[in-house]
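[1] I need the structure of the sequence given here:
(one chain, ligands or ions: 1)
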Amino acid sequence: MPEHAATSATNSSSTPTTPAPTGRRAVKAVIPAAGLATRFLPATKAVPKELLPVVDRPVLQYIVEEAAAAGIGDVLLITGRGKTSMVDHFDRQPYLEQRLEEKGDAARLAAVRRPAELAEIYTCRQGEPLGLGHAVSYAESHVGDEPFAVLLGDEFGDPADPLLPPMLELQSRTGGIVLAFGEVPWEETKRYGIASVTEAESELTDLGEVVKVTGLVEKPDPADAPSNLAVLGRYILPGHIFDAIRRTGPGSGGEIQLTDAMATLLKEGTPVHAIVYRGTRYDTGMPLGYLQAVVQLACQNDDLGAEFRQWLGEFVGTFAGRST
Ligand code: UTP
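    So this is what the prediction gives:
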């Protein structure tokens, strides 16, 4: 149990409650970014994976842009040891800005200022990376008992097909937990949180491919997996998740898992729904996904795209007919 959460003044009841839908929409986002990024070592030994560049900006900027585009102007970044440089990216840089102004480089000046204009960024530190649930528990004093969004710091989607707006609307209607799922190959279920689902109430289905969640299990073997619907890195959570995290012991990998805390609330009657997302997701937490994100977004980039696509086509052509 995270010790800091036990002293919180908000939501400290140990009696589980099932919320009635409130109609309140989440207005704050939490980005847990304190993990060790072991799958990307040694690149991420000194550089946080959240700051790896994808074409012209770090991964984390895409994520804060996604929150801002969904109307969320308050972002809490959970950082950890050796990762505080993430915050600097969202700060003003007066000296650099002055130099760009003097050079008359208006486009770069705007690009440098943009991160600081996206949202109010707050930070707190997770002293030890004891799991995603543990990281989220640090948000309690910032969000209180209001619903809030959680955006994992190494995953984002196509801005033209945003996931957060229907998730926020769904949560404000149900008052419960709202998740997003993507279909994964069955042999990969042991890399994800996996759900069992049933049909959603008809009044919710105008928001997309909405399903009702009946169970959640963290990283099951394919033989035990109830489906191939994997939990994506976007969650809208009610404030009473903090109480459930406090009651959650170490789970898969010895970590305090958010999935386990959500499963507790589900068992206790909190409604859990999800939107099945069929758009493009970029998982930059490991080298292959990161490279795919760079190539796809470089191809779409207004400035570089045409030249890059031409080069890429020629480059790929040099592999034609080769087996390795
Ligand atoms: P991951 O499962 O990707 O863990 O966490 P990780 O440590 O970042 O990377 P690997 O698995 O060792 O390669 C998902 C998200 O939760 C955050 C991570 O920073 C990432 O954004 N996280 C995870 C925390 O903030 N704290 C933790 O204790 C664990």
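[2] Tell me, how many residues neighbour the residue lying closest to Ala26 once chain neighbours are set aside?
    Once flanking residues are discounted, Ala26 sits nearest to Pro147: 4.3 Å by CB to CB, 6 or more residues apart in numbering. C-beta here means a position set from N, CA and C on the backbone, and glycine is covered the same way. Number of residues near Pro147 (other CB atoms under 10 Å) recorded here: 25.
[3] The one 4 residues further on now?
    Taking other CB under 10 Å as the neighbour definition, Leu151 ends up with a count of 24.
[4] so who does it touch?
    Each residue near Leu151 by CB atoms under 8 Å, 6 or more residues apart in numbering is listed here: Ala29, Val30, Ile31, Ile63, Glu66, Ala67, Leu164, Gly233, Arg234.
[5] And His273, by the same measure?
    Leu170, Thr174, Gly176, Ile177, Val178, Leu179, Ala200, Leu204, Val210, Val211, Lys212, Val213.
[6] for the ligand, what are the nearby residues on the stretch 101-250 of the chain?
    For the stretch 101-250 of the chain, the residues in contact with the ligand (CB under 6 Å from any ligand atom) are Gln126, Pro129, Leu130, Gly131, Leu132, His134, Ala135, Leu152, Gly153, Asp154.
[7] from those residues, which single one is nearest Met262?
    Of all those, Leu132 has the smallest distance to Met262: 10.6 Å, by CB to CB.
[8] nearest residue to the closest one other than its sequence neighbours?
    Leu258 (4.5 Å).
[9] how close does that neighbour get to the ligand?
    As judged by CB to the nearest ligand atom, to the nearest Å, Leu258 and the ligand stand 9 Å apart.
[10] Count the residues that sit near that residue.
    For Leu258, the count of nearby residues is 29 (other CB under 10 Å).
[11] Test my guess that it contacts Gly251.
    No - in this structure, Leu258 is not within contact of Gly251 by CB atoms under 8 Å, at 9.7 Å.
[12] Number of residues surrounding whichever residue of the chain sits closest to the ligand?
    The chain approaches the ligand most closely through Gly35 (2.3 Å), counting by CB to the nearest ligand atom. For Gly35, the count of nearby residues is 24 (other CB under 10 Å).
[13] mind checking the SS state of it?
    Classification of Gly35 by DSSP: H, G, I helix; E, B strand; the rest coil places it in coil.
[14] out of everything not next to it in sequence, what's closest to it?
    Nearest residue to Gly35, sequence neighbours excluded (CB to CB, 6+ apart): Pro129, at 5.5 Å.
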